[in-house]
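Visitor: Compute the structure for the input listed below.
(chains A and B)
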Protein chains: 2
Amino acid sequence: MSQERTQAYAAKAAGAGADRQTRESGSRPALISKVFSAEKLLLVRMMESLGNPPLDLVLWDGQEIASLGKPALARVLIRDRGALLKLIANPELGFGEMYTAERIEVQGNLVDCLETIYRALPRTEQGRIGQKLLAPFNASLRNTLPRARRNIHHHYDIGNDFYRLWLDRDMVYTCAYFPDPAMGLEQAQAAKLDYVCRKLRLAPGETVIETGCGWGALALHMARHYGATVKAYNISKEQIAYARERARAEGLDAQVQFIEDDYRNADGEFDAFVSVGMLEHVGVDQYQILGALIDRCLKHTGRGLIHSIGRDHPSPITPWIERNIFPGACPPSLSQMMQIFEPFGFSVLDVENLRLHYAKTLEHWLARYEANAERVAQMFDPGFARAWRLYLPGSLPAFRSGDMQLFQVSFTRSGQNRIPWTRQYLYSS
Amino acid sequence: MSQERTQAYAAKAAGAGADRQTRESGSRPALISKVFSAEKLLLVRMMESLGNPPLDLVLWDGQEIASLGKPALARVLIRDRGALLKLIANPELGFGEMYTAERIEVQGNLVDCLETIYRALPRTEQGRIGQKLLAPFNASLRNTLPRARRNIHHHYDIGNDFYRLWLDRDMVYTCAYFPDPAMGLEQAQAAKLDYVCRKLRLAPGETVIETGCGWGALALHMARHYGATVKAYNISKEQIAYARERARAEGLDAQVQFIEDDYRNADGEFDAFVSVGMLEHVGVDQYQILGALIDRCLKHTGRGLIHSIGRDHPSPITPWIERNIFPGACPPSLSQMMQIFEPFGFSVLDVENLRLHYAKTLEHWLARYEANAERVAQMFDPGFARAWRLYLPGSLPAFRSGDMQLFQVSFTRSGQNRIPWTRQYLYSS
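Guide: Predicted coordinates for the structure are as follows:
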């Protein structure tokens, strides 16, 4: 960063209109030390390290650090010196914590503002020094069976009523597939379930193992529309209870077995293996165990599909999300995902990146969430409501900016020649 | 391997019909030591390690080791004790060498016979102990600029007339794309060139860098049908001369520049990066250099595609092929390919495995090659002709059995949102 830009910031920070003349005349402000404390200078440095996103920062004492160059997308109000210190010390954790505690406020477009910040972050593994330092710590938090259960309970057992407020009617809490971007959420989630089934080339009477089945929408879709018999695993108590109830109500409980157990305890032999939105929670150190499970469970002619949030390069998630929203989560890069397939002689047929479909999905969730904000406020304490009002708007720019990806990986056993000749069949109506 | 099966082999080897009764009666043959020398026992062990492929082996002294169980697909004649020793000592190298020297003959269906052997080989990295031992040796053979030039000269500068005998009229020496498997080779190669252009979403007037351009078919296709301006690199002298002549003849020499130079010396900034069939020759240790080159050359909105032979897991190629056909070659697994993209902030959008299309391509090449076998015999010495009559029929089962894959990887810079919404457009007529 240039000395001039720090001075320009300092000049802007020095006072509302008083500095304007100074800037425009091009001369340097002389009184930085008087109006600019150490922590404020660090704040300026932090903004620089974030690529100077177009934000106006307003401090508790009314001082303002105005956006450099581009017009501001939002105003960030920092309510006290402690909040500022937490933000400076660890922006990725501190922002979320202080926002949740209402000690930082955002006025304006939070989504666009976060997208700008995501885009400014270094894109290569080498660039993320802080994350590299965190990596050994994250790796030590293995998703053992009890830890996995606690982690999943933390996120998925906060009440089906809560999720019903803003998910589609089938309760699908993963990226939808929009053949047409103007499609509604209900239709796009149904299209996703069907797209997965067609990628798996499910035939009537076939058997499927699903690991991480959420509220059961995919398992029920496979049974209902493809005549499949499904064994579906999940360690979320509330989700399994809900899914079983749906299967009973639809008369599909003979065809779909919902099992409240860890995927690592699965057994049997199946025509297809599918996992949609579980891998993010597995942890890279468990991929060999997952690969061995698929190897154990998949017939010689079996097909598999894993759908997961991912990254362009190996990188842990934002510590605030890891701590508050998704404990134990780690979306993998493709090279990391290959640790599931390569050691066990699986052959990857197709990888599709549906990143922008997740951004679109999040737009729908966010709109529904905001429409139900008052209901959420009645159901939960303010900290929870605030955390989710940061997490959902924060996830949207993560996908828009390319910080997060969505991979669908289709595979078979190596050397299996009963595979589609081309992908044309996926796109014929 | 079971003791019984060794004895069963030995029994079968002991004599034409004399042993049949012994086998059927279930009693053990008593005279193994008299009729079975150490090297013949090792041959039996080798056959076991190959999964007992359905082959009859005939030794120089007339002794026969008959196929165990399944009817034989071919008879392998081993002409002398030296050839047997070379085969036993290192089957993957020795078979090719002794076949080329006419000291091993194959009567029957060589392709099916080799497919059976490929399928029996261990599929996981751990299984290939010999290859693991070879790996450090292979890695030390870096494709430095002079070595790359020698390696490419070895394979591609053996005469355009030779390749013209059995390639399509556009001289495309990479996997074709058959929207319909019944399509002819000329049509399927044109379909492949077009498929690559559509995956790259080329627009008129755009600039493309192509590394490893062969005889220029793709570069000319992009100029002719998409109005692109292409800079195409290749270190094969004969291929570049041929490609330049074609560009002149078509009046495309202002639009397509064929450069006889190593891809590592490329410069400029382009709308698209494409490489079809070069990566196999690059060597995994050079992937970071390739990634850095793409990073240097691709515009912010640029699209890229790499088309390469690959593997389901990291594994060097058969030593005979490496020594005799493709020095320096190493088809990567997907995790290895990601070493090009992940460190440089590229985002993989799409991976398609076209393995069976390469098998189909090889069927066409093989049929044309066989139809021109006499012309080849007139042009080259017998050793060369024999080596190629092993290499082409040997490559076909490598793809059929899943020993080799064909990956097309499409990518952009991370966070680039000018990407296709779905893949539907690739499949609309």
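Visitor: Would you mind giving the domain segments of chain A?
Guide: With automatic domain parsing serving as the domain definition, the record reports that chain A contains domains spanning A:3-121, A:140-427.
Visitor: okay, these, which one's buried deepest?
Guide: Sort those by mean neighbour count, taking mean count of other CB atoms under 10 Å in any protein chain shown, and domain A:140-427 sits at the top with a mean of 20. Any C-beta I mention is one placed from the backbone N, CA and C, and that applies to glycine too.
Visitor: Quick check: A:Ala188 is in a helix.
Guide: Yes - if the criterion is DSSP: H, G, I helix; E, B strand; the rest coil, then A:Ala188 is within a helix.
Visitor: Excluding residues flanking it in the chain, which one is nearest it?
Guide: A:Ala176 (3.8 Å; CB to CB, 6 or more residues apart in numbering or on different chains).
Visitor: Please verify my assumption that that neighbour contacts A:Glu186.
Guide: No - counting by CB atoms under 8 Å, A:Ala176 stays clear of A:Glu186, with 9.2 Å between them.
Visitor: if we can go back for a sec, out of the domains of chain A, name the one with the poorest average pLDDT.
Guide: Per-stretch mean pLDDT for the domains of chain A is lowest at domain A:3-121 (a mean of 74).
Visitor: Check the offset of that one from the chain's centre.
Guide: The chain centroid and the centroid of domain A:3-121 are separated by 27 Å, computed with CA atoms, centre = their mean, to the nearest Å.
Visitor: does any part of it sit near chain B?
Guide: Yes - using CB under 8 Å from any CB of the partner chain, we find that domain A:3-121 touches chain B at A:118-119.
Visitor: What of stretch A:397-409?
Guide: Yes - Stretch A:397-409 lies within reach of chain B by CB under 8 Å from any CB, at A:400-403, A:405.
Visitor: Mind checking which of these are in helices?
Guide: Counting by DSSP state H, the part of those found in helices is A:Arg400.
Visitor: out of the residues of stretch A:397-409 next to chain B, which one sits closest to chain B?
Guide: Ranking the residues of stretch A:397-409 next to chain B by separation from chain B, with CB to the nearest CB as the measure, puts A:Gly402 on top at 2.8 Å.
Visitor: The closest one and A:Ser315, how far apart?
Guide: Computed with CB to CB, to the nearest Å, the distance linking A:Gly402 and A:Ser315 is 12 Å.
Visitor: need the contact list for the closest residue in space to A:Ile240 that isn't next to it in sequence.
Guide: Here the nearest residue to A:Ile240 in space, its sequence neighbours aside, is A:Glu260; by CB to CB, 6+ apart that works out to 4.4 Å. Counting by CB atoms under 8 Å, 6 or more residues apart in numbering or on different chains, A:Glu260 touches A:234-235, A:237, A:240.
Visitor: any chance of the residues you listed in TSV, plus secondary structure and distance to B:Gln378?
Guide: Written out in TSV, the entries for the contacts of A:Glu260 read as follows (DSSP: H, G, I helix; E, B strand; the rest coil; distance: CB to CB, whole Å):
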residue	secondary structure	distance to B:Gln378
A:Asn234	strand	69
A:Ile235	coil	70
A:Lys237	helix	77
A:Ile240	helix	73
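Visitor: May I ask which helix or strand encompasses A:His357?
Guide: The secondary structure element spanning A:His357 is helix A:355-371 (assigned by DSSP states H and E).
Visitor: what about that helix and chain B, touching?
Guide: Yes - looking at helix A:355-371 against chain B by CB under 8 Å from any CB, the contacts come from A:355-356.
Visitor: neighbouring contacts of the helix or strand following that helix?
Guide: On the C-terminal side of helix A:355-371, the closest following helix or strand by DSSP H and E is helix A:373-379. The set of residues external to helix A:373-379 that reach it, using CB under 8 Å, 6+ apart, is A:159, A:161-162, A:165, A:369, A:384-385, A:388-389.
Visitor: Repeat that for stretch A:159-171.
Guide: With contact meaning CB under 8 Å, 6+ apart, stretch A:159-171 is reached by A:173, A:176, A:185-186, A:189-190, A:193, A:214-217, A:221, A:238-239, A:242, A:364-365, A:368-369, A:371-372, A:375-376, A:379-380.
Visitor: For it, what is the distance to the chain centroid?
Guide: Average the C-alpha atoms of stretch A:159-171, do the same for its chain, and the two points are 18 Å apart (CA atoms, centre = their mean).
Visitor: so how far is chain B from the nearest residue to A:Leu354 once chain neighbours are set aside?
Guide: By the measure of CB to CB, 6+ apart, the closest residue to A:Leu354 outside its immediate chain neighbours is A:Leu406, 4.4 Å from it. Here the distance between A:Leu406 and chain B works out to 11 Å (CB to the nearest CB, to the nearest Å).
Visitor: show me the contacts for A:Leu406.
Guide: The contact partners of A:Leu406, by CB under 8 Å, 6+ apart, come to A:175, A:307-310, A:353-355, A:357-358, A:399.
Visitor: Return the closest of those with respect to chain B.
Guide: Nearest to chain B out of those is A:Asn353 (CB to the nearest CB; 4.8 Å).
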